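Undergrad: 3D, please:
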Amino acid sequence: MLQRAGPPPLVPVPKNPRPGVEPRLAPGRPEHSIHSRLTRRAAGKGIRCIAARPSRHSGSKRSSCCWIPRPAARHHELLDPETGRPAPRIPAVDDDATSTFKAEFARFQLESNTPVCRTAVEAREHLLAARRTLVVAADRRNLRLVSTGYSPLGIPAPFPITDTPRYRRISDHFGQLLDSHTATGCHVHVGMPDLATSLAVSNHLRPHLPALLALTANSPFYDGRDTGHASWRTVVWSRLPSAGPPPMHRNPASYQRAVDTLLASGAALDHSMIYWFARPAPHLSTLEVRVADAVATAEEALLLALLVRALAAAALHDIAEDRPAPELPDEHLRLATWRAARDGLEGRGLDVTGELRPARSLLDETVKAALPALDASGDTRLVTDLLDRVLRDGSGAHRQRLAHARRNDIADVIALLAEQTRAAAPR
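TA: Next comes the predicted model:
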């Protein structure tokens, strides 16, 4: 799946690169748009486009390339169309699919993965195609496919675990924490040259993880009731002892000690159970960012992937310039993540100083950090268009709550989720 031979860098590198190009306001953009706000800020502060440079962490002269081998490993759920409850019938749907899809921990969960993608156009095509395939397959079995961070009506009993040796072992070991494994997310993999660089980029990304969670929060309901959290998935997932914000690792030895401790304690049974919100995936030569809920639409998955890739490119630039990652204590990051899970995009978030501020202003800062790389890769217009749409319509959690408020009926939430998922399907 991963092609290591000659991957193009995220940021085009000209033969005689100039020091940089100032971002410009695109003609005709509305003054109130996120694009106009951020490009004015960036130009005023002298932020410049970046080029990929040799990694000082790898000891190699090759460029620290940043591409998307798997822009979005997205989890979906299958629901019974009559009851709206999870329908443990994944193998029947999987018969129609290719190796791009696989069953997850519970038999009502399905994961879809894209192949190697190096452009936004390519990623969009694969994301839409995967969703169309799944919707059609679900329709043939009279099932509803939805994309949300946690099942709005809860988990059926007895727990419908997918029958594999690994999943049975997890089930035996973690007991009632099984429900945590039914949380569904959207994971973004970004190519990295080596483990040391992956850890360094993760350190730089840590302050942006709460904003990415707020942007993608899409699971406010559980057991038919509003949980008071925009991302109930994050709350449930965080109960697992190996889950949560990534620690700061200065070098691979620090990372290996942390992993060894998790394995020795039984908090993780294997390396795949290192459930940090950003973690190296050495078998894929990637950094995997897994803080997001399963988002409602393919467009939101693309938006997340492009933002993560641009933030990673900005981090590589900072690393090449010997700019240290922000010193953010683990406990502060945990609190900021919880606040993002509680309030989502429509409330307030905790900034790096410990002050509560509008979540949208914190997202603005994250987008501003990504903007030079977005400009350099030619994705600024697409990302800002997608962001403007989310800011206009509200986050996935907000849209679910609006649907519920019309009649105070959870069935309307499930209908919305199915409609949003079907948007990519052929009519």
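Undergrad: contacts and neighbour counts: CA atoms only from here.
TA: Will do.
Undergrad: average pLDDT for stretch 283-293?
TA: For stretch 283-293, mean pLDDT is 94.
Undergrad: Could you export stretch 250-264 as CSV, CA atoms only?
TA: Extracted C-alpha coordinates of stretch 250-264, given in CSV (Å, rounded to 0.1, in the frame of the first residue of the first chain):
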residue,chain,number,x,y,z
ARG,A,250,12.5,13.9,22.7
ASN,A,251,13.9,10.9,21.0
PRO,A,252,13.1,7.3,20.0
ALA,A,253,14.5,5.9,23.2
SER,A,254,11.9,7.9,25.2
TYR,A,255,9.1,6.6,23.0
GLN,A,256,10.3,3.0,23.3
ARG,A,257,10.4,3.3,27.1
ALA,A,258,6.8,4.5,27.1
VAL,A,259,5.6,1.8,24.8
ASP,A,260,7.5,-0.9,26.8
THR,A,261,5.8,0.3,30.0
LEU,A,262,2.3,0.2,28.4
LEU,A,263,2.9,-3.3,27.2
ALA,A,264,4.5,-4.6,30.4
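Undergrad: please begin residue numbering at 45 from this point
TA: Let's use 45 as the start, then, which means that last one is stretch 294-308.
Undergrad: And the contacts of that stretch?
TA: 239-240, 243-244, 286, 293, 312-315, 318 (C-alpha atoms under 8 Å, 6 or more residues apart in numbering).
Undergrad: which of these has the most neighbours?
TA: When those are compared by neighbour count (other C-alpha atoms under 10 Å), residue 243 ends up highest, at 26 neighbours.
Undergrad: Tell me the secondary structure at that residue.
TA: helix (DSSP: H, G, I helix; E, B strand; the rest coil).
Undergrad: contacting residues around it?
TA: 293-296, 323-324.
Undergrad: Give me the buried subset of those residues.
TA: 293, 296, 323-324 (16 or more other C-alpha atoms under 10 Å).
Undergrad: now for the host helix or strand of residue 173, which elements pack on it?
TA: Using DSSP states H and E, residue 173 sits within helix 164-184. Under the contact criterion of 3 or more C-alpha pairs under 8 Å, 6 or more residues apart in numbering; DSSP states H and E, helix 164-184 touches strand 114-123, helix 134-138, strand 188-190, helix 342-364, helix 454-466.
Undergrad: Residues contacting stretch 342-350, please?
TA: Outside stretch 342-350, the residues touching it (C-alpha under 8 Å, 6+ apart) are 112, 115-116, 164, 167-168, 171-172, 175, 230, 232, 256, 260, 339, 418, 423, 427, 430-431, 468.
Undergrad: residues of it that come out buried?
TA: 342-350.
Undergrad: any chance of these in TSV, with pLDDT too?
TA: As requested, the buried residues of stretch 342-350 are exported to TSV (pLDDT from 0 to 100):
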residue	pLDDT
342	92
343	94
344	95
345	94
346	95
347	96
348	96
349	94
350	96
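Undergrad: Listing request: residues of the stretch 245-394 of the chain with sub-threshold pLDDT.
TA: Nowhere does the stretch 245-394 of the chain drop to pLDDT under 70.
Undergrad: And the helices in it, which stretches?
TA: 253-260, 276-281, 296-309, 342-364, 374-387 (DSSP state H, counting those that start in this stretch).
Undergrad: Which among these is found nearest to residue 160?
TA: helix 342-364 (12.7 Å; C-alpha to C-alpha).
Undergrad: wait, which of the contacts of residue 243 is closest to residue 392?
TA: The nearest one, if we look at those relative to residue 392 and count by C-alpha to C-alpha, is residue 323, at 26.3 Å.
Undergrad: quick one, what contacts that closest one?
TA: 243, 246, 290, 331-333.
Undergrad: Filter the residues you listed down to the buried ones and hand me the PyMOL line.
TA: Per 16+ other C-alpha under 10 Å, the buried members of the contacts of residue 323 correspond to this PyMOL selection:
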select buried, resi 243+246+290+331+332+333
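Undergrad: Any chance of JSON lines for the contacts of residue 323, columns distance to residue 402?
TA: Below are the contacts of residue 323 laid out as JSON lines (distance: C-alpha to C-alpha, whole Å):
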{"residue": "243", "distance to residue 402": "29"}
{"residue": "246", "distance to residue 402": "25"}
{"residue": "290", "distance to residue 402": "24"}
{"residue": "331", "distance to residue 402": "29"}
{"residue": "332", "distance to residue 402": "27"}
{"residue": "333", "distance to residue 402": "23"}
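Undergrad: just to revisit the earlier point, let me know the average pLDDT across the helix holding residue 173.
TA: 88.
Undergrad: go on, stretch 436-446?
TA: For stretch 436-446, the per-residue pLDDT averages 97.
Undergrad: buried residues in it?
TA: So for stretch 436-446, counting by 16+ other C-alpha under 10 Å, buried means 438-446.
Undergrad: before we move on, what about stretch 259-274?
TA: Neighbour-count burial for stretch 259-274 [16+ other C-alpha under 10 Å]: 259-266, 270, 273-274.
Undergrad: May I ask which two of those are separated the most?
TA: Maximum distance among these (C-alpha to C-alpha): 19.7 Å, for 259 and 266.
Undergrad: my guess is residue 152 contacts residue 130, does it?
TA: Yes - between residue 152 and residue 130 a contact is recorded at 5.9 Å, counting by C-alpha atoms under 8 Å.
Undergrad: so what's residue 293 closest to, chain neighbours aside?
TA: residue 299 (5.8 Å; C-alpha to C-alpha, 6 or more residues apart in numbering).
Undergrad: What is the burial count for that neighbour?
TA: For residue 299, using other C-alpha under 10 Å, the count is 18.
Undergrad: Equivalent analysis for residue 366, please.
TA: By other C-alpha under 10 Å, neighbour count at residue 366 equals 10.
Undergrad: Next, work out how far apart it and residue 359 are.
TA: As for residue 366, its distance to residue 359 is 10 Å (criterion: C-alpha to C-alpha, to the nearest Å).
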